[in-house]
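Enquirer: Show me the folded form of this:
(one chain, ligands or ions: 2)
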Amino acid sequence: MARDPKYDILFEPLKVGPKTLPNRFFQSAHCNGAGSDRPGFQAHFRAMKAEGGWGAVSTEYCSIAPESDDTHRVSARLWDEGDVANLSLMCDMIHEQGSLAAVEIWHGGPNACGMESRVPARGASQIGSPFAFMRACKEMDRNDIREVQQLYVNACKRARDAGFDVLTIYYAHTEALLHQFLLPFFNRRTDEYGGSFENRVRFGREVLELVREAVGDDCAISVRFGIDTLELPFGLGDRGIRQDGEGLQFIEYMDELVDMWDLNVGNAVEWGEDAAPSRTHPENHERPNVYKAKEHTKKPVMNVGRFTNPDTMVDVIRSGQADIIGAARPSISDPFLPKKIEEGRLDDIRECIGCNVCISRWEIGGPPLVCTQNATSGEEFRRGWHPEKFTQAANPDNDVLVVGAGPAGMECAMVLGKRGMRRVHLVDAAEEIGGHMRWVPKLPGLGEWARVVNYRRIQLDKLKNVEVITGSRLDAQGVLDYGAEILVIASGSGWSTYGLQGITNEPMPGPDASPAHLVIAEQLRVEGKPGGK
Ligand SMILES: Cc1cc2nc3c(=O)[nH]c(=O)nc-3n(C[C@H](O)[C@H](O)[C@H](O)COP(=O)(O)O)c2cc1C
Ligand code: SF4
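Expert: Numbering: from 1, shown residues only. Ligands and ions are numbered 1, 2, ... in the order given. Modelled structure (predicted):
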């Protein structure tokens, strides 16, 4: 199918400094657990998104020097020539797909843990990190300022040599030293780098001038700018910045040094205001905090906001909110989102449900990412998994019985169907497929989680070799009588009703759901047990 002309605007190329973005889809910087030390994982993970039509694909935050070492968490690094060689594989593979490769240039000040390098942190002021606990820093003197600025330049040159087209200078989330210089929360200096707006911007402005001079002809320079650090209690209040105050002032002041603006909100302690869960934030939730920016810049602007609906994307561009659709989670959940819009296959889009299982991996230290919706995510290299292409099974001349049509059973039947098994029967005792995902999305705020079932239902309907049989409970004999050569049990589990405790493995006194006045959600929704008032 051809794409609907109303989406043409999403596929218009856009000049960004010396580079051309082939369409309006930009995978914003996000971690995946690969860093620079797992080049195959990194390259194949990012190239999958380029294959899926993302016009630009970025690394996660990428450390410029050992003093900005975030171990135990996993960031990319551009510390030396080894890192250049490792990350160049990602660039090459993205370029093969005709997309631009981006890298997020990062110095974390006291927010970088330094656990591997053991190099002391340097920061705007001698203020510890509210995030990387037990990490203090030295207030930078003038020599430090020149040295750290040179670290930025060196890393940007390495990034160019690795093949990156877009250098995203990290100025957001309070995660980046540059942002910290701007924010009174961190910057208590009394010299020409502290105090007034011009003084707090001076360090970053000098960095951008130096970087532009060093690589500005070769690479596009994007600034990922946290335009609004939000109100208390989720934000920094008076000690941060707001869009209507220094946020827009900053954009005007720095505009000449920037090729594009990548805008977002929030801070490191409150990630959830940027990578916001669907439970509390709708699609395009950052609009109130970013929409004024375009009136204050001559450069293209990108926003993020869990964009999965192409109509919302068109509206973002047409309404003058932004020029580029940035996405982290929608690109994880469906690396082929742009291509599906282009090919008019909207019902095949595997929409992110905003559950934040992906970002929770980083919160616990950065093991390889997983995604509720996209089981192949993170296995592109090691297992050669592809979210859209399925190899023929080695034993296709077999019938498969999948017992249980919850999330795992649905996924299993779908993949086996796509892998060409002769016949796949997906059987469930309930009248509807989905398992617990039949009722969980009916809980307050969890409506988007229904996408887990909806996507798979549509795919299963399209597969001629898969039959879905509901309202049929099978016991062991029934399974044997079924006669399938291959059996998959995916009958799931239920919530504990007696307070099983994860440390002692014994019931806790109190949370026992057998009395009439106590109830757990599953009893309420599935068994019809009456709730309280
Ligand atoms: C798993 C994960 C890792 C992230 N890592 C980074 C990062 O390294 N640097 C960064 O600037 N933002 C990071 N982000 C934030 C995203 O770039 C983006 O701003 C945020 O998720 C909102 O966009 P979305 O709604 O499209 O996900 C991360 C987000 C996720 C979900
Ligand atoms: S579905 Fe959940 S895990 Fe997957 S990208 Fe979206 S928020 Fe992350």
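
Enquirer: which bits of the stretch 201-350 of the chain sit near ligand 1?
Expert: With the criterion set to Cβ under 6 Å from any ligand atom, the stretch 201-350 of the chain comes near ligand 1 through 224, 264, 274-275, 304-306, 327-330. C-beta: built from backbone N, CA, C; applies to glycine.

Enquirer: buried sites along stretch 398-413?
Expert: Using 16 or more other Cβ atoms under 10 Å as the test for burial, stretch 398-413 gives 399-413.

Enquirer: any residues touching it, and which ones?
Expert: Applying Cβ atoms under 8 Å, 6 or more residues apart in numbering, the set of residues contacting stretch 398-413 from outside is 375, 416, 421-428, 430, 433-437, 452-453, 456-457, 460, 466, 468, 470, 474, 479, 482-492.

Enquirer: related to what we said a few turns ago, tell me which of the residues of the stretch 201-350 of the chain next to ligand 1 fall in strands.
Expert: Per DSSP state E, strands hold the following members of these: 224, 264, 327.

Enquirer: Filter these down to the buried ones.
Expert: Of those, these count as buried by 16+ other Cβ under 10 Å: 224, 264, 327.

Enquirer: In CSV, list the residues you listed along with pLDDT.
Expert: Shown next, in CSV, are these (pLDDT from 0 to 100):
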residue, pLDDT
R224, 98
N264, 97
A327, 98
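
Enquirer: Might you enumerate the residues of the stretch 351-500 of the chain proximal to ligand 2?
Expert: Residues of the stretch 351-500 of the chain lying near ligand 2 (Cβ under 6 Å from any ligand atom): 352-358, 371-373.

Enquirer: From L78, how far out is the nearest residue to V166 once chain neighbours are set aside?
Expert: In space, and not counting its chain neighbours, V166 is closest to A102: 3.8 Å by Cβ to Cβ, 6 or more residues apart in numbering. Per Cβ to Cβ, to the nearest Å, A102 is found 13 Å from L78.

Enquirer: So for those two, which residues contact both of them?
Expert: Common neighbours of A102 and L78, using Cβ under 8 Å, 6+ apart, do not exist here.

Enquirer: Check the gap between the nearest residue to F203 once chain neighbours are set aside and E273 for me.
Expert: Residue nearest to F203 in three dimensions, not counting chain neighbours: F181, with 4.4 Å by Cβ to Cβ, 6+ apart. Distance, F181 to E273, using Cβ to Cβ: 21 Å.

Enquirer: Who has more neighbours out of these two?
Expert: Between F181 and E273, counted using other Cβ atoms under 10 Å, the more crowded position is F181 (27 against 22).

Enquirer: Run a quick neighbour tally on the nearest residue to V357 once chain neighbours are set aside.
Expert: Nearest residue to V357 in three dimensions, chain neighbours excluded: T372, at 5.1 Å (Cβ to Cβ, 6+ apart). Neighbours of T372 under the rule other Cβ under 10 Å: 19.

Enquirer: list the contacts for T372?
Expert: T372 makes contact with 333, 353, 355, 357, 452 under the criterion Cβ under 8 Å, 6+ apart.

Enquirer: near ligand 1, which residues of this protein show up?
Expert: Residues of the chain lying close to ligand 1 (Cβ under 6 Å from any ligand atom) are 28-31, 60-61, 104, 172-173, 224, 264, 274-275, 304-306, 327-330, 358-359, 362, 369.

Enquirer: Count the neighbours of the closest residue to Y152 other than its chain neighbours for me.
Expert: Excluding the flanking residues, the one nearest Y152 by Cβ to Cβ, 6+ apart is V207, at 5.0 Å. For V207, the neighbour count with other Cβ under 10 Å is 26.

Enquirer: and the gap between V207 and ligand 1?
Expert: Taking Cβ to the nearest ligand atom, to the nearest Å as the measure, V207 falls 17 Å from ligand 1.

Enquirer: Verify the contact between that residue and Q149 for me.
Expert: Yes: taking contacts as Cβ atoms under 8 Å, V207 lies within contact range of Q149: 5.4 Å.
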